[in-house]
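Participant: return atomic coordinates for the entry below.
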Amino acid sequence: MPDYYIAVTNDDNWPIVKSKHVWGLPEGRENLIKRLKRGDYLFIYLMSSKRGDELLPPRIAGLFQVASAPYRDSKRIFKGRLYPNRVELKPALIPEKPVGFKPLVPKLAFIKNKQFWAAHLRSGLAKIPEHDFKLLKEALERAEG
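Facilitator: As a prediction, the model looks like this:
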């Protein structure tokens, strides 16, 4: 039975995750990434960012299946930090445009404190229940539409 997660990245690293099919966490997060196993599902969450004068809201960019056991790799592929704790991914659903995350917050069961919802994603990896998996997957499917 797979588990379901939201994995955090940023706009600079999203193209790398999407093209190289790998996602990583920084040094010190080894125990967190060790929760992942082959067959689990990861939604890629893009943090809010600025592009010029435009503020891009937080979004869900795609759904992947974990394709490897967690491993360490010090090769620099990500922008900014190293993110040596990694898993390989298999694309499952990547719509043309990401789906806004904030409108989904009221419906997501894993977010207990709706006012401070971002705190639930601060570690970089959040386990979510099947209800939330289905809700997010449906939102991506509608976006792909």
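
Participant: can you give me how far the worst-scoring helix or strand of the chain on mean pLDDT is from the chain middle?
Facilitator: Across the helices and strands of the chain, mean pLDDT, DSSP states H and E gives its lowest value to strand 49-51, namely a mean of 84. Remark: strand 49-51 is offset 18 Å from the chain centroid, using C-alpha atoms, centre = their mean, to the nearest Å.

Participant: same thing with stretch 132-139?
Facilitator: With C-alpha atoms, centre = their mean, you get 13 Å for stretch 132-139.

Participant: avg pLDDT for that stretch?
Facilitator: For stretch 132-139, the mean per-residue pLDDT is 98.

Participant: alpha carbons only: can I get that stretch in CSV?
Facilitator: Extracted C-alpha coordinates of stretch 132-139, given in CSV (Å, rounded to 0.1, in the frame of the first residue of the first chain):
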residue,chain,number,x,y,z
ASP,A,132,-6.0,14.6,0.6
PHE,A,133,-4.3,12.5,-2.1
LYS,A,134,-7.5,12.1,-4.0
LEU,A,135,-8.5,15.8,-3.6
LEU,A,136,-5.1,17.0,-4.9
LYS,A,137,-5.0,14.4,-7.7
GLU,A,138,-8.5,15.5,-8.9
ALA,A,139,-7.3,19.2,-8.9
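
Participant: buried stuff in it?
Facilitator: Asp132, Phe133, Leu136, Lys137, Ala139 (16 or more other C-beta atoms under 10 Å). Every residue, glycine included, has its C-beta placed from N, CA and C.
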